[in-house]
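A.B. asks: Sequence first, then the predicted structure, then my questions.
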Amino acid sequence: MAERPFSDISYERYLGEEKLMGSRCKKCGALYVPPRPLCVKCYNGDMEWAEMKGRGKLAAFTCIAVGPAFMIEEGYDRNNPYCVGVVELDEGPRVDARIEEVDAKNPETIRVGMPLTVKYLHRGEGEGAHTYVAFTPR
Amino acid sequence: MSKRRKLGRGVAVVGAGMSQFGMFKDRNSKDLFVEAYREMMGSVDKGVDPNDIDALYLGNFTNDFFMHQSHWGPIISDLIGISPRPATRTEGACASSALAFREGVFAVASGFYDVVLVGGVEEMSKRSTSEVAEGLALATVPYEGTVGFTFPGVFGALATAYFAKYGATREHLMNITIKSHNNAPLNPKAQFKQTIKDLIRAKIASAEKKGQPAPQWKDEKDFLRDPKANPPVAWPMHLYDCCPISDGAACMLLVAEEIATNFTDIPLHVVGIGQGSGKGLHAAADLTSFEATKMAAQEAYGMSGLTPGDIQFAEVHDCFSMAELLHIEDLGFFKPGEGYKAVEEGQTLLDGPKPINTSGGLKCKGHPVGATGIAQLYEVWRQLRQEAGPRQVPIKDLRIGAAHNLGGTGGTCTLTILERR
């Protein structure tokens, strides 16, 4: 099978297969999640896929009361806020992700640095199918 | 060691105008631009002939999406009667008109043009809040928007990272909100002209009039802590941490320094101009700083030979209270992790040693996104010319002011330094 391009579309398709994938520079070893097609540290263009273990810690977060249409459709609103954040993976890179199984109504209970593990949220069907990368406390 | 930048020839600002900012159901982008343009023409002390304007650079971000009309350069050049002279639109999200200013400076500095009009315009209030949020979110980084980040959400996340690193809290951000609300009533063009104390009095009076129990808030922070008065938008950003939806326009006249005295005896010289580009949250090296602001500052300070200490006052891009805190550190006014303490001590108040956002900031003056960059410079113009009325910065020998503009989630940042000689 031909190697998938190091692209946003490949990243999302891998998420659909419940894999959190990044790209690694074959020359300098720099690691990128989501994958980059070019190494922006040494400017080499030869990359390889690298699978993340899916563990990390919370680097920053917010609990959103006024969200975009697609989150409102999932039932989130002022009375039911959702949490999103930036997760620092054990391997080093950071990813933007939904943060699940935390009390978004009481954000004081959520803390930067808390250990997390990956979870995949499959939404929609057929052409509209989409997988969100999410993390939950571990 | 970075290269020291310089202009091919000096450029000066000789006129400036700004429309009223607010939500105007019966005024459109053209109406607002004309208001700013008329004031600008009137502000040129020795006058200017529209026939002498060589070109227009115009910033606009969201009119395509909100008004279903793009291509605003020629619409505005026709409006003011300078077509068929060239008109170019610049887009850098909320930094769109700072880019127009910069392109105008380069056009004059290159020697190609002598007199250039730069401006910005935005019309946002005719859409619902959720449509505006969706439109503005077009300028987040793709990975942010797709997981559900909104603009306030991005700044909320940066706040949690800052709080965890330095020990600051929401209480510190409240100082920024209170300051903006104290400055804005002194600015007749501001969208919100009430202090937090005014709001408290009005809400108590309203409750009493309706025969309801009057809310009891001890002071401004007590009001801001109350989730009924100040509901969360994107923790820890609450309603009063966020700028409003606004309509407005602003413009300035740029000329070659060598002819500036043909227009005015007090031109403002463009001594520093910088721009940077940034990455999304996930790729940022530091979640408590904007790399693009640091790049812009390095260019602008490098070009001018000035240091952060030389900047006597500044307008910085406070789309959210947290943003102001990050910028005053990134611009070098205060050390990383020290900005919130400086704010608490009152250093950034109108009568403090480093006044920040004397206009009321984006928070209270309003934030018609594509007009903001030049509207910030308009405040610098008023201050440096001692024309700021009751909000005049009381520093003696006021000569150097700066404006910092941010687009997207830090994707485009600028710093522009003006000097009165």
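C.D. replies: Right, received. Where do you want to start? Numbers count the residues shown, from 1 in each chain, chains lettered A, B, ... in the order given.

A.B. asks: Can the helix or strand bottoming out on mean pLDDT in chain A be said to contact chain B?
C.D. replies: Every helix and strand of chain A was ranked by mean pLDDT, DSSP states H and E. The lowest is helix A:69-73, at a mean of 91. Yes. Contact between helix A:69-73 and chain B, assessed by C-beta under 8 Å from any C-beta of the partner chain, occurs at A:69, A:70, A:71, A:72. All C-beta atoms are positioned from the backbone trio N, CA, C, and that covers glycine.

A.B. asks: can you map out the helices along chain A?
C.D. replies: A:8-16, A:69-73 (DSSP state H).

A.B. asks: so which of the ones you listed comes closest to residue B:4?
C.D. replies: Between residue B:4 and the helices of chain A, the shortest separation by C-beta to C-beta is 38.2 Å, and it involves helix A:8-16.

A.B. asks: what sits up against that closest one?
C.D. replies: With contact meaning C-beta atoms under 8 Å, 6 or more residues apart in numbering or on different chains, helix A:8-16 is reached by A:4, A:20-21, A:34-35, A:120, A:122, A:129-133, B:142-143.

A.B. asks: if we go to 10 Å?
C.D. replies: Residues from elsewhere that reach helix A:8-16 (C-beta atoms under 10 Å, 6 or more residues apart in numbering or on different chains): A:3-4, A:7, A:19-23, A:33-35, A:37, A:49, A:51, A:95, A:118, A:120-122, A:129-134, B:142-143, B:146.

A.B. asks: buried sites along that helix?
C.D. replies: A:10, A:11, A:14, A:15 (16 or more other C-beta atoms under 10 Å in any protein chain shown).

A.B. asks: Identify, from the residues you listed, the entry nearest to residue B:184.
C.D. replies: Using C-beta to C-beta, these come closest to residue B:184 at residue A:11, 44.0 Å.

A.B. asks: any idea how far residue B:100 is from the closest one?
C.D. replies: 35 Å (C-beta to C-beta, to the nearest Å).

A.B. asks: can you tell me if the strand or helix carrying residue B:131 touches chain A.
C.D. replies: Following DSSP states H and E, one finds residue B:131 within helix B:129-136. Yes. Shown here: helix B:129-136 in contact with chain A (C-beta under 10 Å from any C-beta of the partner chain) through B:129, B:130, B:131, B:133, B:134.

A.B. asks: Kindly export that helix (C-alpha atoms) in PDB.
C.D. replies: Output of helix B:129-136 as PDB, limited to C-alpha atoms (Å, rounded to 0.1, in the frame of the first residue of the first chain):
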ATOM      1  CA  THR B 129     -23.800  36.900  17.600                       C
ATOM      2  CA  SER B 130     -23.400  33.200  16.600                       C
ATOM      3  CA  GLU B 131     -22.900  34.200  12.900                       C
ATOM      4  CA  VAL B 132     -20.300  36.700  14.000                       C
ATOM      5  CA  ALA B 133     -18.500  34.100  16.100                       C
ATOM      6  CA  GLU B 134     -18.500  31.700  13.200                       C
ATOM      7  CA  GLY B 135     -17.200  34.400  10.800                       C
ATOM      8  CA  LEU B 136     -14.400  35.400  13.100                       C
END
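
A.B. asks: starting at the chain centroid, how far to that helix?
C.D. replies: Remark: helix B:129-136 is offset 19 Å from the chain centroid, using C-alpha atoms, centre = their mean, to the nearest Å.

A.B. asks: how long is stretch B:161-179 end to end?
C.D. replies: Terminal residues of stretch B:161-179 lie 23 Å apart, using C-alpha to C-alpha, to the nearest Å.

A.B. asks: List the buried residues for that stretch?
C.D. replies: Going by 16+ other C-beta under 10 Å, stretch B:161-179 has these buried residues: B:161-164, B:166, B:168, B:170, B:172-179.

A.B. asks: just checking, which of these belong to helices?
C.D. replies: Reading helices off the buried residues of stretch B:161-179 with DSSP H, I get B:161-164, B:166, B:170, B:172-179.

A.B. asks: restrict these to those near chain A?
C.D. replies: B:161, B:162, B:163, B:164.

A.B. asks: residues contacting the second one?
C.D. replies: Yep, that's residue B:162 we're talking about. By C-beta under 10 Å, 6+ apart, the contact set of residue B:162 is A:60, A:112, B:168, B:172-173, B:236, B:287-289, B:322, B:325-326, B:329, B:336-337, B:339-340.

A.B. asks: Please apply the same query to the third one.
C.D. replies: Under the criterion of C-beta under 10 Å, 6+ apart, the contact partners of residue B:163 comprise A:60, A:112, B:169, B:170, B:172, B:173, B:236, B:288, B:322, B:340.

A.B. asks: Quick check: the residue in the stretch 201-350 of chain B that chain A sits nearest to vs residue A:137, distance?
C.D. replies: Residue nearest to chain A within the stretch 201-350 of chain B: residue B:235 (4.0 Å; C-beta to the nearest C-beta). Remark: distance between residue B:235 and residue A:137 (C-beta to C-beta) = 17 Å.

A.B. asks: and which of the buried residues of stretch B:161-179 is nearest residue B:389?
C.D. replies: residue B:179 (18.1 Å).

A.B. asks: so who does the residue lying closest to the closest one once chain neighbours are set aside touch?
C.D. replies: Computed as C-beta to C-beta, 6 or more residues apart in numbering or on different chains, the closest residue to residue B:179 that is not its neighbour in sequence is residue B:349, at 6.0 Å. Contact partners of residue B:349, counting by C-beta under 10 Å, 6+ apart, are B:175, B:178, B:179, B:182, B:183, B:343, B:355, B:356, B:358.

A.B. asks: can I assume the fourth one is in contact with residue B:190?
C.D. replies: No. With contact taken as C-beta atoms under 10 Å, residue B:182 and residue B:190 are classed as non-touching, separated by 11.6 Å.

A.B. asks: Comparing the two, which residue is more hemmed in?
C.D. replies: residue B:190 (24 against 19; other C-beta atoms under 10 Å in any protein chain shown).

A.B. asks: What strand or helix carries residue B:143?
C.D. replies: Residue B:143 belongs to helix B:142-147 when assigned by DSSP H and E.

A.B. asks: tell me the domain boundaries of chain A?
C.D. replies: Domain assignment of chain A by automatic domain parsing yields the ranges A:8-51, A:55-137.

A.B. asks: Compute the first-to-last residue distance for the last one.
C.D. replies: Across its full length, domain A:55-137 reaches 10 Å end to end, with C-alpha to C-alpha as the criterion.

A.B. asks: Off-centre distance for that domain?
C.D. replies: With C-alpha atoms, centre = their mean, you get 9 Å for domain A:55-137.

A.B. asks: Stretch B:64-77 too?
C.D. replies: 21 Å.

A.B. asks: Please tell me the pLDDT value assigned to the nearest residue to residue B:352 once chain neighbours are set aside.
C.D. replies: What sits nearest to residue B:352 in space, not counting adjacent residues and going by C-beta to C-beta, 6+ apart, is residue B:346, at 5.2 Å. We note a pLDDT of 98 for residue B:346 in this prediction.
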